[in-house]
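In: Quick check, what structure comes out for this input:
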Amino acid sequence: MLMTRRGFQRAAAAAAGAIGAIGVAACGAGTGAAPRGERKAVTVEYWSRWGGANKTDPVDTARMPLFDQQHAPTKVVRTPWVGDHTAFLQKMTVSFAGGTGPDVFTVGTPGIPLFGKQGSLLSVEKYPAVKKELADYFAPVQELGKYKGVLYGLNYFIDMGVTQYRKDMLEQAGLPSDRKSLPKTWDQFREVTRKLAKWEGGTMTRIGFSMPADDKMFLTAVNQLGKGLFNKENTKANLDGPEAERSLQLLVDLVHRDRVDVRGDTRPKPPSGLHILGSNVAASGHGSPEGLATFATAGLDPKNLIVTDFTPEWTGKTTATGYLGGTWAMANKATKNPDEAVDVLLFLTTPEHNLAIGEATYTVVSRKSQDKSSVAQNPVMRPYYEALEKAWSLPQITEIDDIRNNVRTQMNEAIDQKKSVKEALANMVQYANTKLAASG
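Out: As a prediction, this is how the structure comes out:
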């Protein structure tokens, strides 16, 4: 059952009280902070990428006073961002250039190579308290916090994509609805989603599989065949081989041969503000769990309706379970108070803080020690959590956003049959290689 606002506030208050008691007794031992006598009476400036209506905002708001209590006389001033992430990255870039950047900040994955290349990030792996935490992260999560092999970020918020199915619609189609029986291969997936699709004459009345508009599932399929977006040196695009062609053709065939989805105005639409799987117009999809939180607006509980599993594979062998991204807590290399900044970074990424965020936002937690937590044990969330062990991520290069935007455009033009698969892939490669060459 999704946590209500009142329930979340009660839980946050209880957690804050319990952790506060522990923190006072242990003098901040949970973050590896210095004893009170060694701390400075300084203020750490923290810019959060999440503000406004985002559900991480009340988590930070409720818990940051606990940091002040545990780390007195150090204090934190938090400034939330209300707006899109691209604008936030631009604001951060300007602030770094002008010497007015915050001590600590949270940004999405693209911020790691962007600010790493600029030399704006504080390397944190030398701190003993940080080293103690690293083994608790799944390897792909830990690696994504690095730029050119140097650790700059710890995970604050996970973005993870796997497949999602409506249990009732599986059963209506005469198919099993337990996770063990879900499709493990792409061939099985095609067969199941064909049965889930409904047509009345020439009109689709239920989508068998809601085709993602983003590139994550396409690139996951490519990764499963042993190819990445770029070569090992990140100097050339790697989508000109049979692996990318086979993966993109899969998506085209799902729409035009298997007819599990349809493009255009005749596509069934869910009510505004409700995830497509919360309505009766789609039986399966692929993506992060965040949208499932919208079920509450219709009085629905994802645990009653949804079953999830890893992204299907070509052979059924688990190789690339899904795309991994998220938000990362980092410190400014130019901060005048690096030790205190690292204390804040560690506080923002404790299992307790991460769990509070997961419960509030309906997102997966990121540490091995959270295996028994309420989020990791949620049956909808469990596959997301287990998928972290073999998740894949995009290479940490500054050109990645522009290249991915082009990949998405070309992918959708192939699915819409505006271009052939080969032409779309050739355009992806040409654009990516031009961007990579220009970057030096």
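In: so which helix or strand takes in Phe218?
Out: Phe218 belongs to helix 216-224 when assigned by DSSP states H and E.
In: Can you give me the buried ones in the helix or strand following that helix?
Out: Where DSSP H and E defines the elements, the next helix or strand beyond helix 216-224 is helix 242-256. Within helix 242-256, the residues that count as buried by 16 or more other Cβ atoms under 10 Å are 243-245, 247-255. To be clear about C-beta, it is placed using only N, CA and C from the backbone, and glycine gets the same treatment.
In: what packs against helix 242-256?
Out: When contacts are defined as 3 or more Cβ pairs under 8 Å, 6 or more residues apart in numbering; DSSP states H and E, helix 242-256 sits against helix 186-196, helix 216-224, helix 400-415, helix 421-439.
In: In CSV: the ones you listed, plus distance to Leu388 and mean pLDDT.
Out: Formatted as CSV, the helices and strands packed on helix 242-256 follow (distance: least, Cβ to Cβ, whole Å; pLDDT from 0 to 100):
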stretch, distance to Leu388, mean pLDDT
helix 186-196, 21, 98
helix 216-224, 14, 97
helix 400-415, 21, 96
helix 421-439, 27, 96
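In: who's in contact with Ala391?
Out: Residues in contact with Ala391 (Cβ atoms under 8 Å, 6 or more residues apart in numbering) are 138, 140-141, 160, 320-324.
In: The nearest residue to it once chain neighbours are set aside in helix, strand or coil?
Out: Counting by Cβ to Cβ, 6 or more residues apart in numbering, Ala391 lies nearest to Leu324, which is 3.7 Å off, once chain neighbours are set aside. What DSSP: H, G, I helix; E, B strand; the rest coil gives for Leu324 is strand.
In: The one 5 residues further on now?
Out: For Ala329, the reduced secondary structure class is strand; criterion used: three-state DSSP.
In: Now do the contacts for the residue nearest to Ala391.
Out: With contact set as Cβ under 8 Å, 6+ apart, Leu324 has these partners: 140-141, 144, 158-160, 388, 391-393.
In: Closest one of those to Ala331?
Out: Among the contacts of Leu324, Leu144 lies closest to Ala331 (Cβ to Cβ), at 16.8 Å.
In: Looking at the closest one now. What's its pLDDT?
Out: If you check Leu144, the pLDDT there is 94.
In: Would you confirm that Leu154 contacts Trp328?
Out: Yes - at 6.7 Å, Leu154 counts as touching Trp328 under the criterion of Cβ atoms under 8 Å.
In: okay, and the common contacts of these two?
Out: Gly145.
In: Thr409: neighbouring residues, count only.
Out: 15 (other Cβ atoms under 10 Å).
In: ranking the helices and strands packed on helix 242-256 by burial, who's on top?
Out: helix 216-224 (a mean of 23; mean count of other Cβ atoms under 10 Å).
In: Just list what it packs against, helices and strands only.
Out: Right, helix 216-224 is packed against helix 242-256, strand 284-287, helix 400-415 by 3+ Cβ pairs under 8 Å, 6+ apart.
In: The helices and strands packed on helix 242-256: which one's closest to Val76?
Out: Each of these was scored for nearness to Val76 using Cβ to Cβ, and the closest is helix 400-415 (29.7 Å).
In: okay, and for the chain, where does confidence drop off?
Out: 1-37, 440 (pLDDT under 70).
In: Could you chop it up by domain?
Out: Domains of the chain are assigned by automatic domain parsing as 5-160+324-390, 162-322+395-439.
In: mind listing the strands for the protein?
Out: 43-48, 75-80, 104-108, 146-147, 150-151, 154-160, 162-166, 198-200, 203-206, 284-287, 306-309, 324-331 (DSSP state E).
In: how long is stretch 282-302 end to end?
Out: 14 Å (Cα to Cα, to the nearest Å).
In: For it, buried residues please.
Out: Buried residues in stretch 282-302, counted by 16+ other Cβ under 10 Å: 282-296, 300, 302.
In: Equivalent analysis for stretch 174-190, please.
Out: For stretch 174-190, by 16+ other Cβ under 10 Å, it's 175, 177, 182-184, 186, 189-190.
In: about what we covered before: now distance to Gly149 too, for the buried residues of helix 242-256, in CSV please.
Out: What follows is the buried residues of helix 242-256, written out as CSV (distance: Cβ to Cβ, whole Å):
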residue, distance to Gly149
Glu243, 27
Ala244, 27
Glu245, 32
Ser247, 29
Leu248, 32
Gln249, 36
Leu250, 34
Leu251, 34
Val252, 38
Asp253, 40
Leu254, 38
Val255, 41
